[in-house]
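> Fold the following.
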Amino acid sequence: MAKKLSGWTPKTEHLLFHNCGVGYDIIDHALEASFPLNLLNELRTNGWIGGDDERCGDNKAKRKGRLVPARTALDVNLQSFLGGFLDSVRGDESAFISREERSRSDFSVNYPFLHRFISCIESTVTKDDWLFQQHFEFDTSQTSVQLATYTGDGKSGYPRHCDRGMTCTQEGNHSKSDDEVGKMQRLLTFVYYLTPSDWDDQLDRGALRMFLPEQNDDASEEANNNHGYFDVTPHSGRMVVFRSDVMEHEVMPSKRRDRIAITVWLYGRQVRKGNDKLVVSLGKDSAKSGSGGAITIFDNVLPPPLPIAESINQQQKEATIFVAIPSYRDIETFPTIKSLIETSNNPQRIYIGVVFQIDTSSNEEIEQFTSGNNHASCFKKYRWNQQTNLRTITIDHRHATGPCYARHLAQSLHRGEQYILQIDSHMRFRPGWDDYLIHQLNQCQEPSMSVLTTYPPNYDPPHGPGSHAETRGTILVPWKFDDKDGMLRQKGRLMNNVTGSNQDSSNIPCLLFAAGFNFSHSSLLELCPYDGKLHGLFFGEEISMAVRLFTNGVDLFAPPETVCYHMWKRNPLRKKQGANSDNGGDASIDANGPTRGREASLNVVRMQLRGMGRGLGTERTVKQFEESLGVDFEKLELLKGCENVGLEDKAFVSSSQRIAGDDTTLSGGEEVGIAENDMSTVMSLVSQFMGNK
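Predicted structure coming up:
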């Protein structure tokens, strides 16, 4: 039996299934490191690809092998109409390795590597427990294989197209409509690169440009800045798999050297049990169909996957992560856990600790907030064991004393995992978040003394951020001093596309701390644990942690990409009782005791900001923190320019652009766009969200 592709995970299946969302995945090292060169040599030995210029001299035939200039159906039609006046749409030389040749009895002998390559792909997608088997039917007898070379002349490419609409004439008859009911069509595309091992994205170029579904055809600068496309560098041994019927893509010209790739198309059709057709909505509205028994899939899709560096090693891929979540009567808690699992590259390494603060006298509320039964099938699909990987503490909400105590309890559920992610109970994640955060943290000069933290953009339940979600990063900056308690408020500013075309993945230094999203080595739990005695405190919680971390020698950074999304709409249960209380707290403090210890906690923080409070370290001083941040804690003043945190104005998105693309947030009955350069920023929503209007 053929082996499966390495790196093929439940995340891959999920991305490909949700064709109205992402529709593709990138798999590095799908086969062993030596495989690309072995396959390339095999193809050369059998005459498919010629040798290099040095070995073949002026013999063009030997250099080309069996490859010929590629043509699409459009080329054929234009040539017939214009008598060959126009050049081909495509700029590559290619050849199909026919089904007839692949069906010969000696094919596996003459082509052991190619035979294994095709078999691995077919075996992977036809295994019994695969998600696609529930909704898609494949016919491997129609599998199509093509070898293509783009010369490194800086000109040869392939314009934007879809594999369903511009198939090559060598593949057969194009007279039938793609809409023909029951027809087996190209369903999955697998592109595998046989480029030199030192291929450089800048010097060699030749990227595969993937256009996200439902993007406007106008490839304007604004669309590029919003990640309307994603460029994939054709590194040797890299495989890109995508939905043939969904993903429009373009081959960019390469320089210096030839770009060689082999493509496998799997043919199939959408089905469901009972032979009823699967109806998929590619828009934001539900699918409409008159056919009986049709399935409707809403636009409940994942945001674009995070760029995962090739340099991430096996040890990092297997490192365990503990996720600490305080939850106050929040219906979004288990959807948040589901998002963590279904977007993780390695769900089995994720351990989660939740502190439920609920009405323990209500069986209905216990079932509603603490049971994950509705998501059991999802956890099973991703092989995540809720019994072993989920730890919980449940307390009555009337005994809740604010976010610090709840986060302190959540941290107590840590059991030696290597990394810790602290979040709120109403969040959604981008695919690959676990590998991305580990890699980004290890890019810091001292990973064990660093924290990644920021305020995420908004999402609106139940469907999540969607395929057009904001992917640019945010950074925390000082905002204002509160007139009531004198605490420094902070806000998140949306960054311009600092990563460009993934050329710069550097973290951005910052000084402020976000309680609802921070990632670090778990060793920091001993150095700077949450203070469980700061009862009744929300505003003041984050500045307290920031100054403690700073004085203990810990550096904070904002990741260059958005990793997750936060629901900033206020939970009405937080203020259901005692509506006049000003308690705050995303992990919540019950309204029955709004001032319980709050003033004492504020005094602890005020002392810390004067350099005398508990929990401070000796590596750096509070005065250094104050000067670096650009504020005056004594006078309660912001110094000029502090909102730029040492960056130029052009590093930030203008106030006319919103953090979450087309998303808006309803707060207090008003529609608030999440802008950046004014007070309608993330933190202003936080303030309204927590009832501090």
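
> And for residue 184, the neighbour number?
15 (other CB atoms under 10 Å). To be clear about C-beta, it is placed using only N, CA and C from the backbone, and glycine gets the same treatment.

> meant to ask about residue 550, not that
Neighbours of residue 550 under the rule other CB under 10 Å: 26.

> Now it. Its backbone dihedrals?
Dihedral angles of residue 550 (phi, psi; degrees, to the nearest 10) stand at phi -60, psi -50.

> Please list all residues in contact with the nearest residue to it once chain neighbours are set aside.
Counting by CB to CB, 6 or more residues apart in numbering, residue 625 is the residue found nearest to residue 550 once chain neighbours are left out, at 4.6 Å. Listed by CB atoms under 8 Å, 6 or more residues apart in numbering, the contact set of residue 625 reads 511, 546-547, 550-551.

> For residue 625, identify the helix or strand it belongs to.
helix 622-629 (DSSP states H and E).

> in that helix, what's buried?
Residues 622, 625-626, 629 are the ones in helix 622-629 that count as buried (16 or more other CB atoms under 10 Å).

> Likewise for stretch 368-386?
Neighbour-count burial for stretch 368-386 [16+ other CB under 10 Å]: 369-370, 372, 375, 378-379, 381-382, 384, 386.

> how far away is residue 510 from residue 470?
18 Å (CB to CB, to the nearest Å).

> quick one, which of these two is more surrounded?
A direct count of neighbours by other CB under 10 Å for residue 510 and residue 470 places residue 470 higher, at 28 against 24.

> any idea how far that one lies from residue 42?
Residue 470 is 45 Å from residue 42, by CB to CB.

> For the stretch 501-650 of the chain, give me the ranges with low pLDDT.
Applying pLDDT under 70 to the stretch 501-650 of the chain flags the ranges 501-504, 572, 574-596.

> ranges for the strands of it?
508-510, 517-521, 555-558, 564-566, 631-632, 637-638 (DSSP state E, counting those that start in this stretch).

> Check which helices and strands the fourth one is in contact with.
Counting contacts by 3 or more CB pairs under 8 Å, 6 or more residues apart in numbering; DSSP states H and E, the secondary-structure elements packed against strand 564-566 are strand 427-429.

> Now the strand it packs on: average pLDDT?
Regarding strand 427-429, the rounded mean pLDDT is 95.

> Over to stretch 654-665?
Computed over stretch 654-665, the average pLDDT equals 40.

> One more: stretch 304-321?
On average, stretch 304-321 scores 83.

> I'd guessed residue 3 sits against residue 122; true?
No. Counting by CB atoms under 8 Å, residue 3 stays clear of residue 122, with 11.5 Å between them.

> that older thread, and of the strands of the stretch 501-650 of the chain, who's closest to residue 261?
Nearest to residue 261, of all those, is strand 564-566, at 33.4 Å by CB to CB.

> Do you have the strands of the stretch 1-150 of the chain handy? List them.
Using DSSP E, counting those that start in this stretch, the strands of the stretch 1-150 of the chain run over 24-28, 68-69, 93-96, 136-138, 144-150.

> Check the stretch 301-450 of the chain too.
321-328, 350-358, 390-396, 419-423, 427-429, 450-453.

> Format the ones you listed as TSV; extra columns: distance to residue 155 and mean neighbour count.
What follows is these, written out as TSV (distance: least, CB to CB, whole Å; neighbours: other CB atoms under 10 Å):
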stretch	distance to residue 155	mean neighbour count
strand 321-328	46	27
strand 350-358	46	24
strand 390-396	55	16
strand 419-423	46	24
strand 427-429	40	26
strand 450-453	41	25
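
> and the residue nearest the centre of the chain, what does it touch?
In the chain, the residue lying closest to the centroid (CA atoms, centre = their mean) is residue 430, at 2.7 Å. By CB under 8 Å, 6+ apart, the residues touching residue 430 are 302-306, 343, 436, 469, 471, 561-564.

> and the residue nearest to residue 4 when sequence neighbours are not counted, how far is that from residue 378?
Distances taken as CB to CB, 6+ apart put residue 124 closest to residue 4, at 4.6 Å, once the chain neighbours are dropped. Look at residue 124 and residue 378: by CB to CB, they are 21 Å apart.

> Over to residue 203?
Counting by CB to CB, the gap from residue 203 to residue 378 is 43 Å.

> Also residue 369?
18 Å.

> For this structure, which helix extends over the most residues?
helix 112-125 (DSSP state H).

> And it, what does it pack against?
With contacts defined as 3+ CB pairs under 8 Å, 6+ apart, helix 112-125 has these neighbours: helix 35-45, strand 185-193, strand 259-270.

> Out of those, the one nearest residue 245 is which?
Of the helices and strands packed on helix 112-125, nearest to residue 245 by CB to CB is strand 185-193, at 6.5 Å.

> packing partners for that closest one?
Contacts defined by 3+ CB pairs under 8 Å, 6+ apart place strand 185-193 against helix 112-125, strand 238-243, strand 259-270.

> Please name every helix or strand in contact with the second one.
On a contact count with 3+ CB pairs under 8 Å, 6+ apart, strand 238-243 meets helix 10-17, strand 24-28, strand 185-193, strand 208-211.

> what does the last one give?
Using 3+ CB pairs under 8 Å, 6+ apart as the contact definition, the elements that strand 259-270 packs against are helix 35-45, helix 112-125, strand 136-138, strand 144-150, strand 185-193.

> quick one: buried residues of it?
259-270.

> Would you mind checking the average pLDDT for stretch 361-381?
Stretch 361-381 comes out at a mean pLDDT of 90.

> So which of the contacts of residue 625 belong to helices?
546-547, 550-551.

> ok, residue 118 to residue 112 distance?
11 Å.

> Neighbour count: the two, which is higher?
residue 118 (22 against 13).

> Please tell me how far that one sits from residue 263.
11 Å.

> can you check residue 459 too?
As for residue 459, its distance to residue 263 is 35 Å (criterion: CB to CB).

> what do you get for residue 495?
36 Å.

> and if you look at residue 42?
Residue 42 is 17 Å from residue 263, where distance means CB to CB.

> So of the ones in helices among the contacts of residue 625, which two are at opposite extremes in space?
Within these, 546 and 551 form the most distant pair, 9.8 Å apart (CB to CB).

> Mind checking which of those two has more residues around it?
When neighbours are counted by other CB under 10 Å, residue 546 comes out ahead of the other of residue 546 and residue 551, with 26 against 22.

> isn't the more buried one right up against residue 514?
No. Under the criterion of CB under 8 Å, residue 546 is not in contact with residue 514, lying 9.4 Å apart.

> can you give me the helices in the stretch 301-450 of the chain?
314-318, 333-342, 363-370, 376-381, 386-389, 403-411, 433-442 (DSSP state H, counting those that start in this stretch).

> now the angle between strand 419-423 and the second one, please.
Per axes from the mean of the first three to the mean of the last three CA atoms, to 10 degrees, the angle that helix 333-342 makes with strand 419-423 is 140 degrees.

> I'd like to know which elements helix 333-342 is packed against.
Applying 3+ CB pairs under 8 Å, 6+ apart, we find helix 333-342 packed against helix 10-17, strand 321-328, strand 350-358, helix 376-381, strand 427-429.

> Make a markdown table out of the helices and strands packed on strand 259-270 and add distance to residue 487 and mean pLDDT.
Converted to a markdown table, these look like this (distance: least, CB to CB, whole Å; pLDDT from 0 to 100):
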| stretch | distance to residue 487 | mean pLDDT |
| --- | --- | --- |
| helix 35-45 | 57 | 95 |
| helix 112-125 | 54 | 93 |
| strand 136-138 | 55 | 84 |
| strand 144-150 | 59 | 96 |
| strand 185-193 | 53 | 94 |
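
> Just send those back as TSV, with distance to residue 210 too.
Below are the helices and strands packed on strand 259-270 laid out as TSV (distance: least, CB to CB, whole Å):
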stretch	distance to residue 210
helix 35-45	21
helix 112-125	19
strand 136-138	21
strand 144-150	17
strand 185-193	10
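
> Alright, calling it a day.
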